[in-house]
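[1] Just a sequence and a predicted model for now, questions to come.
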Amino acid sequence: MLKKYSPYILPIVIGSTLLFIPLLRDLHFESAMLAAIIGCFWGGIHASKKSASQDFFYAIRVLGFLYLSAIPLFISSVILGCLTIDGLGFWIFIPLPSVFFGTATGRLIRKFSLPWPKLLTVFVLLFCAIGVWLFEMLNYPQVYFYNHVWGVWPGPIYDEAVQLTGSFFYFRWLTFLWILLLWLLPDWSSTLQKKLITGLALVSLLFSYMNLDEAGIISPRESIQAQLGGHHQTKHFDYYFPEDFYSEEEINFWAARHEFHFEQIIKQLDLKWPKGRKIESYLYAHAWQKKEITGAKFTSYVPIWLEQDQLHIAKQQLDGVLKHELVHVISKQFGNGLFNGSWSIGLIEGLAEGIAKDASSRSTLHQIVAAESPYPSSDKMKDALSFSGFYGSAGAISYTTAGSFVEYLLDTYPPDFFKTSYPSGSLVDSNYPSFDEIISEWHQTLDQTPLDSVDQQVSEFVFAQRSLFQKKCPHSITQELQLWDRYQFQLADLDTTGAYETLDQLYKRDSQNSLVKDAWVRSQLLQGNYEEATNAITPKDSLLTLQVLKADALYLSDNKSQAFQLLESLSSRIIDNPARTFRYTLELREDSTQWSNRLQRRYLNQLPDSVLFESLNLPNQMLSLNKALQGNHNSEIVLYATLLQDHSPKDDWFDIYEQTIQQLPLLGYFDLTENWIALAEPLNLRLRYMERLGEQQEWVAFLKSNQGVAD
């Protein structure tokens, strides 16, 4: 009895074992890839046997085994609420064509009576699975890959939303054409019908392969450059960007930032850059365009394995990751000979993080790690620097811990020590002391790092994050989150009308979600729908932000007395709230002049003239300056910065100080910039703020000595 049902029980048992393996336990593309690889080689090896027959039905049998093994994954996904249409689609369109592709390959070798049929089949399929992938990886900057054996690798593991795309179906159409051609080739000339079908398949393949880049199957550099359109160059860089999304002023700014960070990194690592060597910087309109072209959405990246130096960043991520990604490009100079990096992923990312120091705007790397005890032991740190250990934790944890460790190494020892150890990824048998001694010294540095409650909060946030491997449903994205993603895309794509329509849909689906309601109410105020915004917020809405927004809506609709009454009723809650966002809520609305200016600036995009500006209190003045900075209103930036250069500084405004110091020298106002630096320097700044101010001072010095650097 057991023997009779074993062909059905065995695959279910095998599938059940996958439930204990992260990612593979999800009915999605990872488990579908594994099934495709097994099925492709299984079908191919069997079809290559001389005794094989009924190849089509045996392929169906293999598929039956694979889909039986998926039953436990399907049941688990249903119970946990992780089942998605995309996951089901991947399980249909990845294993099914792959099994027939392997079978068709083995069958062709058998029909042609080639020697060592099994070995030859395995070799051909390995070439298709690995050889073709290696060719694409070593020649194209993309991080997504399509393959006839294993289906698809959609991009970085940090981009959790993985969906079926037109490019995927286009590629599976190519797989079908290959199956058809390989199946018919052994006796293609036996009938007129087979001749016609074989010829049609061959012609279709030829035309299809001529359009791989247009279909999104591959992304050569030349194709990316053509799609982006714009081009600019400086001494060390070639920039490619969409001209509709980057103004000339913005490109000049980012070109200067590229050259500035380049000089910083070269100096810190004590490197000599090869003469005439240029870096290609691909600047995308937004993360969604970058996802479509390269496969990476919110993940900025550098393909260090390619000979041509390059980096790929979306506009919204530039400020946060440019220096980090440039470290990856420049560190190729002392990377290993195989892929220009280190065998330790922890050292690769730790170096970038340790130099860029951009994990938090409020706490240093050492503070974030020091606030989380116990510190990583020597053994745990070795594991954290390895591939499995690094990606086994959430990205923020791995990057921050490795960054703090490498920052300590660079601050304590000569950079040549690190550059020598970097290619092998081993700090043992190097110029450094023993690994245990290094870890002990690093711990001492962490012990001596001053901490406060802010550092504790930042650290708790970082170390509370979960790895993709730890999440119950790593690829399950709710309809609400999909709508939110579409809303963010439309905003980034400058489609304001579409964004508002999408937000309306989201609000109708989830109007009780306070964060959704907050975004929707703000959109109504921006559109002038003040009554709708007012009516949407009721006393049941406990979120303080919503009640303040209602007061704003009342004021905008000329119900000023009601607005002031509501604000007065909220005053005790506002004063008692520890959040930074409420620190100046009452001052910004203390009288009609202040409140009117605040709303005109926020919802009507109106900036005050010099007379009105001088009548405003400091919070409204600082936020007017910030609005001018964000909108690149250069005349207002200079006007407000001049009028504010003698105010009593507070570290609450440090972000605005930083942006002002960054922008003024680009406009040629170096003396005014120095006045703003002098404002910030005497403040009792946080350690991270001191790091950021020091970087801005380096920026000003760089611009003074390199005027015209962006031209």
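    Cool, got the structure.
[2] hang on, isn't residue 684 packed against residue 649?
    No - judged on Cβ atoms under 8 Å, residue 684 makes no contact with residue 649 at a distance of 10.8 Å. Placement of C-beta: from N, CA and C, glycine included.
[3] More neighbours: these two, which one.
    Taking neighbours as other Cβ atoms under 10 Å, residue 684 and residue 649 compare with residue 649 leading, 18 against 7.
[4] OK, contacts around that one?
    Listed by Cβ atoms under 8 Å, 6 or more residues apart in numbering, the contact partners of residue 649 are 657, 679, 680, 682, 683.
[5] let's see 6 Å
    679, 683 (Cβ atoms under 6 Å, 6 or more residues apart in numbering).
[6] could you measure it against residue 682, distance?
    Noted for residue 649: a distance of 8 Å to residue 682, by Cβ to Cβ, to the nearest Å.
[7] same thing with residue 243?
    Where residue 682 is concerned, residue 243 sits at a distance of 43 Å (Cβ to Cβ).
[8] The two: who's more crowded?
    Shown here are residue 243 and residue 682; by other Cβ under 10 Å, residue 243 has more neighbours (14 against 8).
[9] so what's that one up against?
    Contacts of residue 243 were listed using Cβ under 6 Å, 6+ apart, and they are 229, 230.
[10] Equivalent analysis for the one 10 residues further on, please.
    Residue 253 makes contact with no residue under the criterion Cβ under 6 Å, 6+ apart.
[11] Check for me that it belongs to a helix.
    Yes - according to DSSP: H, G, I helix; E, B strand; the rest coil, residue 253 belongs to a helix.
[12] State the pLDDT value of it.
    Looking at residue 253, its pLDDT is 96.
[13] measure it to residue 281 for me?
    Counting by Cβ to Cβ, the gap from residue 253 to residue 281 is 13 Å.
[14] One more: residue 347?
    Taking Cβ to Cβ, one finds residue 347 at 24 Å from residue 281.
[15] Can you get me a residue count around the closest residue to residue 29 other than its chain neighbours?
    Distances taken as Cβ to Cβ, 6 or more residues apart in numbering put residue 90 closest to residue 29, at 4.3 Å, once the chain neighbours are dropped. The tally of other residues near residue 90 (other Cβ under 10 Å) stands at 28.
[16] what do you get for the one 5 residues further on?
    Counted by other Cβ under 10 Å, the residues lying close to residue 95 total 28.
[17] Residue 331 - how many residues pack around it?
    25.
[18] so what's it up against?
    Taking Cβ under 6 Å, 6+ apart as the test, what residue 331 contacts is residue 351.
[19] Strands of this protein, start to end?
    All strands of the chain, identified by DSSP state E, fall at 145-147, 151-153, 229-233, 237-242, 279-284, 310-314.
[20] So which other helices or strands are in contact with the least confident helix or strand in the chain by mean pLDDT?
    When the helices and strands of the chain are scored by mean pLDDT, DSSP states H and E, helix 387-392 comes last with a mean of 77. For helix 387-392, the elements it packs on are helix 345-356, judged by 3 or more Cβ pairs under 6 Å, 6 or more residues apart in numbering; DSSP states H and E.
[21] what sits up against the helix it packs on?
    By Cβ under 6 Å, 6+ apart, helix 345-356 touches 323-324, 327-328, 331, 341-342, 384-385, 387, 390, 399, 402-403, 405-407, 410, 422, 425.
[22] Among those residues, which are located in helices?
    Filtering those for membership in helices, criterion DSSP state H, returns 323-324, 327-328, 384-385, 387, 390, 399, 402-403, 405-407, 410.
[23] just those residues: which has the poorest pLDDT?
    Lowest confidence among the ones in helices among the contacts of helix 345-356: residue 390, with 79.
[24] shouldn't it be in contact with residue 398?
    Yes - between residue 390 and residue 398 there is a contact at 4.7 Å, judged by Cβ atoms under 6 Å.
[25] if we can go back for a sec, filter the ones in helices among the contacts of helix 345-356 to the buried ones?
    Among the ones in helices among the contacts of helix 345-356, those scoring as buried are 323-324, 327-328, 384-385, 390, 399, 402-403, 405-407, 410 (criterion: 16 or more other Cβ atoms under 10 Å).
[26] would JSON lines of the residues you listed with distance to residue 567 be doable?
    Shown next, in JSON lines, are these (distance: Cβ to Cβ, whole Å):
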{"residue": "323", "distance to residue 567": "42"}
{"residue": "324", "distance to residue 567": "42"}
{"residue": "327", "distance to residue 567": "48"}
{"residue": "328", "distance to residue 567": "49"}
{"residue": "384", "distance to residue 567": "50"}
{"residue": "385", "distance to residue 567": "53"}
{"residue": "390", "distance to residue 567": "49"}
{"residue": "399", "distance to residue 567": "42"}
{"residue": "402", "distance to residue 567": "47"}
{"residue": "403", "distance to residue 567": "43"}
{"residue": "405", "distance to residue 567": "49"}
{"residue": "406", "distance to residue 567": "49"}
{"residue": "407", "distance to residue 567": "46"}
{"residue": "410", "distance to residue 567": "51"}
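[27] Relative to residue 41, which of those residues is nearest.
    residue 390 (30.2 Å; Cβ to Cβ).
[28] and the closest one, what does it touch?
    Residue 390 neighbours (Cβ under 6 Å, 6+ apart): 345, 346, 398.
[29] can you rerun that using 7 Å?
    Contacts for residue 390 (Cβ atoms under 7 Å, 6 or more residues apart in numbering) come out as 345, 346, 384, 398.
[30] Next: residue 408.
    With Cβ under 7 Å, 6+ apart, residue 408 has these contacts: 442, 445.
[31] Quick check: it vs residue 438, distance?
    8 Å.
[32] And residue 125, by the same measure?
    Using Cβ to Cβ, residue 125 is found at 46 Å from residue 438.
[33] Between these two, which has more neighbouring residues?
    Each of residue 125 and residue 438 has its neighbours counted (other Cβ under 10 Å); residue 125 has more, 23 against 19.
[34] Now do the contacts for the residue nearest to that one when sequence neighbours are not counted.
    Nearest residue to residue 125 in three dimensions, chain neighbours excluded: residue 44, at 5.4 Å (Cβ to Cβ, 6+ apart). Contact analysis of residue 44 by Cβ under 7 Å, 6+ apart lists 102, 103, 105, 106, 121, 125.
[35] isn't the first one right up against residue 41?
    Translated: residue 102. Yes - here residue 102 lies in contact with residue 41, judged by Cβ atoms under 7 Å, at a distance of 6.0 Å.
[36] what do those two both touch?
    residue 125.
[37] of the two, who's got more company?
    More neighbours surround residue 102 than the other of residue 102 and residue 41, with 34 against 21 (other Cβ under 10 Å).
[38] List phi and psi for residue 685.
    Dihedral angles of residue 685 (phi, psi; degrees, to the nearest 10) stand at phi -80, psi 150.
[39] Could you tell me how many residues sit around it?
    Residue 685, neighbours per other Cβ under 10 Å, totals 16.
[40] Quick check: closest non-adjacent residue to it.
    Per Cβ to Cβ, 6+ apart, closest to residue 685 is residue 651, 5.8 Å.
[41] Show the average pLDDT along stretch 154-163.
    What stretch 154-163 shows for mean pLDDT is 72.
[42] same check, this time on stretch 135-146
    pLDDT averaged over stretch 135-146 gives 95.
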